[in-house]
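Trainee: Need a 3D model of the following:
(one chain, ligands or ions: 1)
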Amino acid sequence: MIDTAVLKQALGDLEEDKVEALLGEFIAEGPSPEETQSVVEACQQGMEIVGDNFEAGTYFVGDLMYAAQILTASLEKLKPLMSAGSGQEAKGVIVLGTVVGDIHDIGKNIFKALLEAAGFTVVDIGIDQPATAFVDAVKANSPQLVGLSGVLTLSIASMKDIIDALGEAGLRDKVKVMIGGNAVSAETSEFVGADYWSKNAAASVRKGLEYVS
Ligand code: B12
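Mentor: Predicted structure coming up:
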């Protein structure tokens, strides 16, 4: 069984070969979706180490980019093992995007992969998306859910603008708004007026299924 603390540190230390070897052994064991989820969480924590080193001035933007590359390659291998639902019949529609000012999309893409595996139709409008793009996508696709992703502190203000704009367009009570990413918390969720917040993609998919059932 994989030692998630070792994996977390290896990612934090940008040891690409070690991460690859650990994941190779883990995948060869035929892990369950739950076991895979704990490995994804360890990767997320490894990225926190990367972020802390960046803040401390020991890592630079190039290191963030390298970490993103290692994480993206790792997640490509883990995604097929992460299924969070039956994935057969259509479950509902969600408009999902990273909010304006923010270009981080690794977490959004994990959430998207899990939503699709659970049977959702995901309208992914991409990164750095303003309120008008969310409003237009909601008008065009009539989703039950809207997902706002953001990891920067400034993303909170963008999330508030987007939710306010949904209100001004008369759409707010037609959708449940979920927010996620490193920047969210109970306080920010209340501030922006979201229905749900989380830093855990699998738990968020379960909540999404609850909303549409
Ligand atoms: C990789 C990375 C990058 C990569 C991003 C590549 C990419 N394609 O995404 C690159 C190099 C491009 C980058 C750029 C920058 N970054 Co950066 N980056 C990171 C890092 C190390 C990891 C982010 C990540 O992928 N985490 C792993 C994923 C899996 O976690 P997650 O996003 O939280 O997603 C999970 C959940 O939250 C949830 N989820 C995600 N979205 C959603 C949505 C919904 C609706 C739901 C329900 C759930 C959900 O599901 C996921 C899985 O469980 C973080 C450090 C950190 N602690 O996050 C810094 C960090 C976010 N970056 C930071 C900074 C400062 C920058 C730059 C400004 C650097 C610069 N000087 O240029 C730029 C910003 C550019 C911009 N305008 O956005 C700071 C932000 C500080 C702040 N408080 O605002 C951080 C926190 C680092 C730090 N500690 O200083 N970065």
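
Trainee: For the residue lying closest to Ser149 once chain neighbours are set aside, report the pLDDT, please.
Mentor: Closest residue in space to Ser149, ignoring its immediate chain neighbours: Lys108 at 3.9 Å, by CB to CB, 6 or more residues apart in numbering. (Each C-beta comes from the backbone N, C-alpha and C, glycine too.) Looking at Lys108, its pLDDT reads 95.

Trainee: so what does the helix or strand hosting Lys108 touch, helix or strand wise?
Mentor: In this structure, Lys108 sits in helix 106-117 according to DSSP states H and E. Packing contacts for helix 106-117, counted by 3 or more CB pairs under 8 Å, 6 or more residues apart in numbering; DSSP states H and E, involve helix 61-78, strand 92-99, strand 120-129, strand 145-149, strand 176-180, helix 201-212.

Trainee: isn't Ile103 right next to Asp128, touching?
Mentor: Yes. Counting by CB atoms under 8 Å, Ile103 touches Asp128, with 5.5 Å between them.

Trainee: now the helices and strands packed on helix 106-117 in a markdown table, with mean neighbour count, distance to the ligand and mean pLDDT?
Mentor: Output for the helices and strands packed on helix 106-117, formatted as a markdown table (neighbours: other CB atoms under 10 Å; distance: least, CB to the nearest ligand atom, whole Å; pLDDT from 0 to 100):
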| stretch | mean neighbour count | distance to the ligand | mean pLDDT |
| --- | --- | --- | --- |
| helix 61-78 | 15 | 4 | 92 |
| strand 92-99 | 25 | 6 | 97 |
| strand 120-129 | 18 | 7 | 97 |
| strand 145-149 | 28 | 3 | 98 |
| strand 176-180 | 24 | 2 | 98 |
| helix 201-212 | 19 | 3 | 93 |
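
Trainee: This completes my enquiry, with thanks.
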